[in-house]
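Enquirer: A predicted structure for the sequence below; I have some questions about it.
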Amino acid sequence: MDLNGTLNLENDLTVKSDLGIASGGKIYLDGIALTGDTYIYESAANTINFFAGASSRLTINTTASAFTTDLSVAATKKIYLDGGGDTYITESLANLMKFYCGATQVLELQAGQAYVQGDFVLDATERLYLDGGGDSYLYESSSNTFNFVAGASTRFTLNTTTANFSTVDVNIPATKKLYLDGGGDTYIYEEAANDISIYCGASNAFRVSATRAYPRADVWLDATKKLYFDGGSDTYWHEAGANVMELVVGGASTIVARNDGSAGVLLPSNTTPTANYATRQSICKGWITHTDTGTSNDSHNVTSITKNSAGHFTIVWATDFSTANYCAAVTPENIGCMGGVYLGTPKTAAQMDIVYEQDSGIAADVGGHAIAFGNQ
Amino acid sequence: MKLRIFKKPDGTIYSSCPLGDFQNKPNFEGCKFPDFTKGLEYVDIDESELPPQNQDGGNYFEQIHFDGPCKKENIKQDKTWEKCLMPNFLIKQKQEKYLNDQLDAELAKEAPDTVEVIRISRQKDKLKTMTDEEVYQLALDNLDRAELDKPVIRQKLQQKLNK
């Protein structure tokens, strides 16, 4: 049958073979050809449009099906993405939506919650926004470097070697510990209000409060480093050289203590004495107690004593005086005689002669003591 | 203790004792000795090897000398003062005793000579301020007075006076 006009049927139409409609021709579904507004037709080559109420609701072509209305699937029913296999989306319970891939649940969504049941992968440098796409997000800024951005500024950076906070304070609650050994026995925490302790190997190694810093272990300074007492200005202790300790006060060396093969303490020089203050001018530079035969029981800064004759000795200093104008005192180890510096051989910076005599002026063959003060 | 014994030009000695750590150093390395010992020969000995040198028992440092070359075995003690000069203080001591004996003898007389007593007392006073040269001259005079020969001693005293 070939119809060139309109065919109006009052009853159901059963077609027993192909039904051909010319391209662009519409199949009206609201019973009113030409003036109805709900129909199906090929709007372009290989493109079928479904109109309802004069608007296109679904367009199908060789590559896609496009709905222009909501697509509704009944509760618990699945939208298969693999032709009815094992990859689909469904509302398994009221308001609980699940995504299955290869029969495995990979994502679960419900009001206020998204639950990923496998790895969650972002491409490198892509961001995970935490504020709906604003200025707070996480991302990999470069290979193996993870950035935390809040308010458009990077606050924390994590890479394979370091974790760096920037532009933000790091807050740890009171009494909570900052472990430095993975949660073992080395940590820092506020042990009491305004009282911070550092534990190392379970021992309290250092404690600091608003009024004191209390090292509870030995305090080490690297060689030549200074221990300031004035906030880093010009008063400090330091190791000036190997085994040489120097106390600098007001920028001037005041005391040097050494044990570098020449043990001793060097006092400051001060030609204007201050009461009860020791200076290098005020200390005895050499002394000896000697026998009548010219040997010594004990001495300091005397390299040798020589007996020249009875009651006449020469003392040679280990370290010379700077001039011969040093002060010496000599006393015999015997009552009834006297001792002194022998003027017949004027003393020098390096040595001095001493004599002991009886009241008669006759030599006394005795031992004695001698001490000397002066500049070296 | 160990000592370094220097030989004076006249054969007598200086006895030097290095102190402290220098006692244990080989050859007393680093120890300083009086400048007047420079150039003098010496030997190093233990203190016990030196003859007694204090005046107890009639031993005097001035009696110790090298009897020959500067060797340890040549260190001797001249107790008879044949080779070494008697120490000045001993000359004075002996002179003081001699003058005291004279003074006692004069005072023991029934009528002591006052002038003589004053003269002797004045000589005792002079002993206190007597120079070395005056002591050497006194020693020569005493040798003459005692009629002692001691040619070596006389020669050394004369050399001292000639200086």
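Expert: Received, thanks.
Enquirer: just checking, A:G294 touches B:S15?
Expert: Yes: between A:G294 and B:S15 there is a contact under Cβ atoms under 8 Å: 5.1 Å. All C-beta atoms are positioned from the backbone trio N, CA, C, and that covers glycine.
Enquirer: shared neighbours, the two?
Expert: Residues touching both A:G294 and B:S15 by Cβ atoms under 8 Å, 6 or more residues apart in numbering or on different chains: A:T306, A:K307, B:L3.
Enquirer: What strand or helix carries the second one?
Expert: Spelled out, it's A:K307. strand A:302-309 (DSSP states H and E).
Enquirer: Which elements pack onto that strand?
Expert: strand A:284-290, strand A:296-300, strand A:312-317, strand B:13-18 (3 or more Cβ pairs under 8 Å, 6 or more residues apart in numbering or on different chains; DSSP states H and E).
Enquirer: Please list all residues in contact with A:M245.
Expert: A:W237, A:H238, A:E239, A:V256, A:A257, A:R258.
Enquirer: The last one and chain B: what is the separation?
Expert: Separation of A:R258 from chain B (Cβ to the nearest Cβ, to the nearest Å) stands at 17 Å.
Enquirer: Run the contact check for the biggest helix by length in chain B versus chain A.
Expert: Across chain B, the longest stretch assigned as helix under DSSP state H is helix B:88-108. Yes: Helix B:88-108 reaches chain A (Cβ under 8 Å from any Cβ of the partner chain) through B:N88, B:F89, B:L90, B:K92, B:Q93, B:E96.
Enquirer: what's the pLDDT at the first one?
Expert: To tie it back to what came earlier, the one meant is B:N88. At B:N88, the pLDDT value in this model is 86.
Enquirer: can you give me the helices for chain B?
Expert: Counting by DSSP H, the helices of chain B are B:88-108, B:114-129, B:132-146, B:151-162.
Enquirer: Which strands or helices does the shortest one pack on?
Expert: The one in question is helix B:151-162. Helix B:151-162 makes packing contacts with helix B:132-146 when contacts are defined by 3+ Cβ pairs under 8 Å, 6+ apart.
Enquirer: Show me what the helix it packs on is packed up against.
Expert: helix B:88-108, helix B:151-162.
Enquirer: any chance of those helices in TSV, plus mean neighbour count?
Expert: Output for the helices and strands packed on helix B:132-146, formatted as TSV (neighbours: other Cβ atoms under 10 Å in any protein chain shown):
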stretch	mean neighbour count
helix B:88-108	16
helix B:151-162	14
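Enquirer: Pretty sure B:L140 is one of the things B:L157 touches, is it not?
Expert: Yes: applying Cβ under 8 Å, one finds B:L157 in contact with B:L140, separated by 5.2 Å.
Enquirer: Could you list the contact residues of chain B toward chain A?
Expert: B:1, B:3-4, B:6, B:14-20, B:22, B:30-37, B:47, B:50, B:53-55, B:60-62, B:87-90, B:92-93, B:96, B:127-130.
Enquirer: Generate a PyMOL selection restricted to the buried entries among these.
Expert: The buried residues among these can be selected in PyMOL (16 or more other Cβ atoms under 10 Å in any protein chain shown) with this line:
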select buried, chain B and resi 3+4+6+14+15+16+17+18+19+20+22+31+32+33+34+36+37+50+53+54+55+60+61+62+87+88+89+90+92+93+96+127+130
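Enquirer: low pLDDT regions in chain A?
Expert: Along chain A, segments meeting pLDDT under 70 span A:1-7.
Enquirer: Which residue is the nearest non-sequential neighbour of the residue positioned nearest the centre of it?
Expert: Of all residues in chain A, the one closest to the mean position by Cα atoms, centre = their mean is A:N164, 8.8 Å from it. Counting by Cβ to Cβ, 6 or more residues apart in numbering or on different chains, the nearest residue to A:N164 once its immediate chain neighbours are dropped is A:T157, at 4.6 Å.
Enquirer: burial of the one you found, as a residue count?
Expert: The local packing of A:T157 (other Cβ atoms under 10 Å in any protein chain shown) involves 16 other residues.
Enquirer: What separation is there between it and A:N147?
Expert: From A:T157 across to A:N147, the span is 5 Å (Cβ to Cβ, to the nearest Å).
Enquirer: Please apply the same query to A:K225.
Expert: 37 Å.
Enquirer: Those two: which is more packed in?
Expert: The neighbour comparison of A:K225 against A:N147 (other Cβ under 10 Å) goes to A:N147, with 18 against 11.
Enquirer: residues touching that one, list them.
Expert: Here A:N147 is in contact with A:L138, A:Y139, A:E140, A:S141, A:T154, A:F156, A:T157, A:L158 (Cβ under 8 Å, 6+ apart).
Enquirer: ditto for A:Y137
Expert: A:R127, A:L128, A:Y129, A:L130, A:D131, A:V149.
Enquirer: Surely the third one and A:A150 touch.
Expert: Think A:Y129. No: contact status for A:Y129 versus A:A150: not in contact, 11.4 Å apart, counting by Cβ under 8 Å.
Enquirer: List the residues that are in contact with both of the two.
Expert: A:S136.
Enquirer: Comparing the two, which residue is more hemmed in?
Expert: Per other Cβ under 10 Å, whichever of A:Y129 and A:A150 has more neighbours is A:A150, with 16 against 13.
Enquirer: who's in contact with the more buried one?
Expert: A:D135, A:S136.
Enquirer: how about the spatially most central residue of chain B, what does it touch?
Expert: In chain B, the C-alpha nearest the mean C-alpha coordinate belongs to B:P87, at 2.1 Å (Cα atoms, centre = their mean). By Cβ under 8 Å, 6+ apart, B:P87 lies in contact with A:S309, A:A310, A:A363, B:Y60, B:F61, B:E62.
Enquirer: now the last one, nearest residue through space, not along the chain?
Expert: Pointing back at B:E62 there. B:P87 (4.0 Å).
Enquirer: can you give me phi and psi for that neighbour?
Expert: phi -60, psi 150 (degrees, to the nearest 10).
Enquirer: How about B:Q77: which residues does it bridge to?
Expert: B:Q77 forms beta bridges with B:I64, as assigned by DSSP bridges.
Enquirer: what number of residues lie near it?
Expert: Quick note: B:Q77 (other Cβ under 10 Å) scores 17 neighbours.
Enquirer: measure A:T293 to chain B for me?
Expert: Distance from A:T293 to chain B, by Cβ to the nearest Cβ: 5 Å.
Enquirer: so which helix or strand takes in that residue?
Expert: Counting by DSSP H and E, A:T293 is found in no helix or strand.
Enquirer: Using CSV, write down the CA coordinates of stretch A:309-326.
Expert: Listed next in CSV are the C-alpha coordinates belonging to stretch A:309-326 (Å, rounded to 0.1, in the frame of the first residue of the first chain):
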residue,chain,number,x,y,z
SER,A,309,130.3,28.9,98.7
ALA,A,310,129.1,28.5,102.2
GLY,A,311,125.9,30.6,102.6
HIS,A,312,126.1,31.9,99.1
PHE,A,313,123.7,30.6,96.4
THR,A,314,122.6,31.5,92.9
ILE,A,315,118.9,31.0,91.9
VAL,A,316,118.1,30.8,88.2
TRP,A,317,114.5,31.4,87.2
ALA,A,318,112.8,29.0,84.8
THR,A,319,110.9,31.9,83.3
ASP,A,320,112.9,35.2,83.4
PHE,A,321,111.5,38.4,84.7
SER,A,322,111.0,41.2,82.3
THR,A,323,113.7,43.3,84.0
ALA,A,324,116.0,43.0,87.0
ASN,A,325,113.7,45.3,89.0
TYR,A,326,111.7,42.6,90.6
